[in-house]
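S.K.: let me see the structure of the following:
(one chain, ligands or ions: 1)
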Amino acid sequence: MSQKYPDVKAESAAFDAEVKAIEKWWQSDRQKHIKRPYTAKSIAALRNIGFKTDYPSSVQGRKLWKILNEHNANGTYELTFGTTEPLIAKEMAKYMQTVYVSGALCGHSQAAWPGEDHADYPADTVPSVVKRIFNSQLFQDQRQTQLRMRFSEEDRRDLECIDYMLPIVADADMGFGTLTGCMKLARSFVESGVAMVHIDDLAMGLKKFANGEGRTIVPTSEYLQRLTTVRMTFDIMGYYLPPCMMLEDKEQFINSVVDPRDHPYVLGATKVVPSFLQALATGRESGRDYLAVKKEWKASAGLMTFDDAVKSQADSEDQYKSYEAEVKGKIIALQDRRAIARKITGKDIMFDWELPRLPRGQYMWQWCTQAVIDRAVLAAPLGDVTWSRQDKPNKKDMEDFHSGVRKVFPNRLFAFGYTGAYDFVKAGYTEQEVETFPADIAKQGVVWQVQPIWATQGLSLHAKQFAEMFKKEGIAGYMRNVAKPAIEGMATDKYGKPTSRGGYLADAFFDVVDGDEITEVA
Ligand SMILES: C[C@](O)(C(=O)O)[C@H](CC(=O)O)C(=O)O
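M.R.: Next up, the predicted model:
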């Protein structure tokens, strides 16, 4: 057996040094805004002390951090799109500063069994796509170095020189549920070369909206636990990557009421009605549609938050004002709200949040910007960037959300996704406003913007148009419409030979093994 430390004193000294190094790191400019609920000692105790490795993700995380902060300082932004395809990432390097890997897209095109965006693909799917893109970036960069070094400085001036190592931002969805599952996911991302991940507050297995219903979030406490889990994993790995966070917009349900911070937004029935489940059963007997029954039931139940119930059942405006003064801005659980309301109004407020529960157990939720701000503010100290997802772009919500968070964290960085079926014009934006939208929100701090699922629209459209043309015009059409412009646009060396597929690199490996010089030989 080989002994790791000569004695326990040496072990303690190594441990203390590790703790000090972590503490120093956490005080650095890059880290000091992150607030951890755990100590450096605990993290050191979870590390592989004496075995240091630096991950490529650290390098990419720092590069992204710099890009985002430069944009923030200049009031500008990075606008990019999602892909799962290394060759597309290669082309992106000519115009973009970052690449995005979307969970929705991976679920559609990279999983063994494709599906709707339910985040039900295997947990290593997105990290493995990131790894493939990251490896291809390394390959392109290596290929380019080797090619360029064949030439003299003078010749290199005219040769394409691209930064292929774009930081990759990836979708960690809801962190795949369990605490230890989330840790493994975070670790795989770090090992894949990712620069930043986002984690949302959706409930496992309930990311579902195709039937016209919103999605389900988890309690605030569970979301914070997810983010802390990711942060802890990065800290154990000694990794600098900035996880960003994502909060869902227009969600309709929450799967538990365990956290009093969520209580102001949970909806309850204020009328004596059968439960929603009973109404559904009755509706089903007469062959009625789920959504129609739900709509009708909601209207009959006098559905509202507890505070609104107090407002509508109090005897006077003054009573409500006294109630409001006692609860506003405080974390007060429902049972204590009830007691306060009883004390002031002299009666029990009719409010039952069990009656609206869904067949899968969720409670109904009152979405509002304040609810999202509340979560974003609590989550902010665990990450670097905040993303509030919006199904439909709403000017007021955008402004209220970003300014609301910046009231608490004035220099906060934000992300924003132009989700698939975004219809700006329908949402009340003029053509001119659509033009200036990215620049306008950049001024609110939205420095990283993405069209996440371009492939489902753009790539599909290109493929459809090509297939149609190819069917009609065959190889002549291919040569004219595809090969010719593609070859014309390809980088060539000084002899006019296309350089981008790695042929020179493959030759170079043989040459080096044979002992031949590969630099300045052209
Ligand atoms: C960002 C997103 O999570 C994704 O998987 O890319 C999706 C994208 C979309 O549906 O357009 C999202 O939920 O916004």
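
S.K.: would you map the strands across the stretch 301-450 of the chain?
M.R.: Along the stretch 301-450 of the chain, counting by DSSP state E, counting those that start in this stretch, strands occupy 304-305, 363-364, 385-388, 413-417, 446-451.

S.K.: then the chain?
M.R.: 78-81, 99-101, 168-171, 196-199, 216-217, 244-247, 253-254, 267-268, 304-305, 363-364, 385-388, 413-417, 446-451 (DSSP state E).

S.K.: can I get these in TSV including distance to the ligand and mean pLDDT?
M.R.: (Each C-beta comes from the backbone N, C-alpha and C, glycine too.) Shown next, in TSV, are these (distance: least, CB to the nearest ligand atom, whole Å; pLDDT from 0 to 100):
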stretch	distance to the ligand	mean pLDDT
strand 78-81	10	98
strand 99-101	7	97
strand 168-171	5	96
strand 196-199	8	95
strand 216-217	13	92
strand 244-247	7	74
strand 253-254	16	95
strand 267-268	23	98
strand 304-305	26	98
strand 363-364	21	96
strand 385-388	9	93
strand 413-417	5	94
strand 446-451	8	96
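
S.K.: now the ones you listed in CSV, with mean neighbour count and distance to residue 377?
M.R.: Output for the strands of the chain, formatted as CSV (neighbours: other CB atoms under 10 Å; distance: least, CB to CB, whole Å):
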stretch, mean neighbour count, distance to residue 377
strand 78-81, 21, 24
strand 99-101, 27, 25
strand 168-171, 26, 22
strand 196-199, 27, 17
strand 216-217, 28, 16
strand 244-247, 24, 11
strand 253-254, 26, 18
strand 267-268, 24, 22
strand 304-305, 19, 20
strand 363-364, 22, 22
strand 385-388, 26, 9
strand 413-417, 24, 13
strand 446-451, 23, 17
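
S.K.: okay, residue 151: pLDDT?
M.R.: Among the per-residue scores, residue 151 holds a pLDDT of 89.

S.K.: just give me the neighbour total for it.
M.R.: By other CB atoms under 10 Å, 18 other residues sit near residue 151.

S.K.: how close does it sit to residue 145?
M.R.: Plainly put, residue 151 is 11 Å away from residue 145 if you go by CB to CB, to the nearest Å.

S.K.: nearest to residue 29, of the strands of the chain?
M.R.: The minimum distance between residue 29 and the strands of the chain falls on strand 413-417, with 14.5 Å, by CB to CB.

S.K.: tell me the strands beside that closest one, with direction?
M.R.: strand 385-388 (parallel), strand 446-451 (parallel) (DSSP bridges).

S.K.: of these, which is nearest residue 92?
M.R.: With CB to CB as the criterion, residue 92 lies closest to strand 446-451 of the strands paired with strand 413-417, at 11.7 Å.

S.K.: the ligand contacts on the stretch 51-200 of the chain?
M.R.: With CB under 6 Å from any ligand atom as the criterion, the stretch 51-200 of the chain comes near the ligand at residues 82, 102, 103, 104, 117, 171.

S.K.: please redo it, this time with the cut-off set to 5 Å
M.R.: Residues of the stretch 51-200 of the chain lying close to the ligand (CB under 5 Å from any ligand atom) are 102, 103, 104, 171.

S.K.: not counting its neighbours along the chain, what's nearest the second one?
M.R.: This means residue 103. Of all residues not flanking residue 103 in the chain, residue 171 sits nearest, at 3.6 Å (CB to CB, 6 or more residues apart in numbering).

S.K.: residues contacting the one you found?
M.R.: Residues near residue 171 by CB atoms under 8 Å, 6 or more residues apart in numbering: 100, 101, 102, 103, 104, 106, 126, 197, 198, 452.

S.K.: again, but for residue 112
M.R.: Shown in contact with residue 112 (CB under 8 Å, 6+ apart): residue 122.

S.K.: over to it: give its phi and psi.
M.R.: The phi/psi pair for residue 112 (degrees, to the nearest 10) reads phi -60, psi -40.

S.K.: gap between it and residue 475?
M.R.: According to CB to CB, residue 112 stands 33 Å off from residue 475.

S.K.: ok so, going back, now the strands paired with strand 413-417 in CSV, with distance to residue 408?
M.R.: CSV is the format used below for the strands paired with strand 413-417 (distance: least, CB to CB, whole Å):
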stretch, distance to residue 408
strand 385-388, 11
strand 446-451, 17
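
S.K.: and of those, who's closest to residue 23?
M.R.: In terms of CB to CB, the element of the strands paired with strand 413-417 nearest to residue 23 is strand 385-388, at 24.5 Å.

S.K.: and the contacts of the closest one?
M.R.: Looking at what lies outside strand 385-388 - CB under 8 Å, 6+ apart - the contacts are 68, 196, 198, 242, 244-247, 249, 372, 376, 379-380, 401-402, 405, 412-417, 447-448.

S.K.: apply 6 Å and report the result again.
M.R.: 198, 244, 245, 246, 247, 372, 376, 401, 413, 414, 415 (CB atoms under 6 Å, 6 or more residues apart in numbering).
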